[in-house]
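Q: Based on what follows, work out the 3D shape:
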Amino acid sequence: MEMPTPVVGPDSRVREPRRIDGGADPFADALRAAIRAKGLSLERIQHKLRSRGVAVSIAALSYWQSGRRRPERPDSLAAVGHLEEILDVGEGGLSTLLGPPRPRGKARPRSRLSGPEGWVHRSDYETMAELLADVDTSTDQDLTRLSLRDQVELAMDGSTRRVRSRQVLRAERAGVDRVLLGYDTRLPGDPLPVIGTLRSCRLGRVSADPRNGLMIAELLFERPLRRGERTAVEYELIHMAPHHPTHDNTYSRRFRHAVREYVLEVRYDSRCRPVRCEQFTTDLSGGEPSEVRETPVDTWGYAYAVALDFGPGVVGLRWNWT
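A: Residues are numbered from 1 along each chain as shown. Now for the predicted structure:
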């Protein structure tokens, strides 16, 4: 398949990589080193935990070893004890490095969010705040998301090859001239995609932090919209081979604002079909899923997730290969 010509922003900016927290995370560092020393994949570790009656997602394991999150719930802390045995680090070799739990407050639902808190998990707030400072966010609150569709194409090894997105938007005031595109690679070390073919919009400023896997970009409309006017924009995110992102068996979309309709379509390679697929939803903090439902993969290799009048929150599909 011929790849479309990548689009480069007129005012792209890439930030120098740096740690978010300004220092090491002893638990994440120890877990990552133990996994490397044992030579086990996250999928294999998940299988070993499952054989002990412990359910931990591959995404959670990845977040723990990257330092983006850490186990705090009782069942997660219990899983750490099993990890110590599986990875042969000795009793307390990981759990003693966790330290006190992070403060948690009761979140109040909000229909509209400002600042970086809706874009990424809280551990990335500081980096995302700096990226947002490089783009124009003044109209982001003035668009109603009527419809959004993501079409995700996976490669033979299960990694993401391409994402095509289409958004239908309505301006709630005159003069709205752009919508923001945010991207989070989810897993450390995954390369950022190239923004490819655009339709009914053009690329404005782009600001990215490759090490932390974060990117924010402006999609500029043909002209400023009138109040109540609707528009539809399309774009592609292309992961250039052989640098497809690590497959973590999950694809999800974060909604900072409510959306009338969201459809996620994942196409699996005919040589690599999952044995089970589920739709899930979570809140923006990325906690345990609040709703999970099994989703079939059809004869043509497609699975779908659908959410109506949803948000703020996260909607996605997750799957198992074996």
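Q: For this protein, just list every one of the strands.
A: 13-14, 143-154, 160-171, 178-184, 194-199, 202-209, 214-220, 230-238, 250-255, 259-267, 276-282, 291-294, 302-310, 313-320 (DSSP state E).
Q: ok, now how distant is the residue nearest to T250 when sequence neighbours are not counted from L42?
A: Among residues not flanking T250 along the chain, R318 sits closest, at 4.5 Å (CB to CB, 6 or more residues apart in numbering). Yep, even glycine has a C-beta here, placed from its N, CA and C like the rest. To L42, R318 is 13 Å away according to CB to CB, to the nearest Å.
Q: got it, and L131?
A: For L131, the distance to L42 - CB to CB - is 28 Å.
Q: Of these two, which one has the most company?
A: Shown here are L131 and L42; by other CB atoms under 10 Å, L131 has more neighbours (24 against 21).
Q: before we move on, the earlier item: pretty sure the residue nearest to T250 sits against R276.
A: No. In this structure R318 lies outside contact range of R276 using CB atoms under 8 Å: 9.1 Å.
Q: Comparing these two, which shows the higher neighbour count?
A: R318 (22 against 13).
Q: Okay, and the beta partners of that one?
A: T250, E278 (DSSP bridges).
Q: list the contacts for it?
A: 57, 59, 249-250, 277-278, 280 (CB atoms under 8 Å, 6 or more residues apart in numbering).
Q: measure it to R253 for me?
A: 13 Å.
Q: Likewise for V168?
A: 15 Å.
Q: With N320 instead?
A: Applying CB to CB to N320 and R253 gives a distance of 21 Å.
Q: Likewise for T322?
A: The gap separating T322 from R253 is 26 Å, by CB to CB.
Q: who has more neighbours, these two?
A: R253 (20 against 7).
Q: Check the more buried one and give its pLDDT.
A: Looking at R253, its pLDDT stands at 91.
Q: Poorly predicted segments of the stretch 51-200 of the chain, please.
A: For the stretch 51-200 of the chain, residues meeting the criterion pLDDT under 70 lie at 68, 99-125, 186, 188-189.
Q: Helices of that one, start to end?
A: For the stretch 51-200 of the chain, applying DSSP state H, counting those that start in this stretch gives helices covering 58-66, 74-86, 125-132.
Q: any chance of these in a markdown table, plus distance to L31?
A: Listed next are those as a markdown table, based on distance: least, CB to CB, whole Å:
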| stretch | distance to L31 |
| --- | --- |
| helix 58-66 | 5 |
| helix 74-86 | 7 |
| helix 125-132 | 22 |
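Q: So which of those is nearest D190?
A: D190 lies closest, by CB to CB, to one member of the helices of the stretch 51-200 of the chain: helix 58-66, at 10.0 Å.
Q: and the closest residue to A34 other than its chain neighbours, how many residues sit next to it?
A: Leaving aside its sequence neighbours, A34 sits nearest to L87 (CB to CB, 6+ apart; 4.1 Å). Residues contacting L87 under the criterion other CB under 10 Å number 21.
Q: what's the answer for E265, then?
A: 16.
Q: Spatially, which residue comes closest to it, not counting chain neighbours?
A: Q151 (4.8 Å).
Q: Just to check, that neighbour is in contact with R267?
A: Yes. Counting by CB under 8 Å, Q151 touches R267, with 7.2 Å between them.
Q: among the helices of the stretch 51-200 of the chain, which is nearest T231?
A: helix 125-132 (22.4 Å).
Q: could you redo the strands of the chain as CSV and give each row distance to D25?
A: Below are those laid out as CSV (distance: least, CB to CB, whole Å):
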stretch, distance to D25
strand 13-14, 24
strand 143-154, 30
strand 160-171, 26
strand 178-184, 18
strand 194-199, 30
strand 202-209, 18
strand 214-220, 18
strand 230-238, 29
strand 250-255, 22
strand 259-267, 31
strand 276-282, 23
strand 291-294, 29
strand 302-310, 32
strand 313-320, 23
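Q: how about those strands, which one is nearest L77?
A: Per CB to CB, nearest to L77 of the strands of the chain: strand 276-282, 19.6 Å.
Q: angle of the closest one against strand 259-267?
A: 150 degrees (axes from the mean of the first three to the mean of the last three CA atoms, to 10 degrees).
Q: centre of the chain versus strand 276-282, how much separation?
A: 14 Å (CA atoms, centre = their mean, to the nearest Å).
Q: Any buried residues in that strand, and which?
A: 277-282 (16 or more other CB atoms under 10 Å).
Q: what mean pLDDT does stretch 293-300 have?
A: Throughout stretch 293-300, pLDDT has a mean value of 92.
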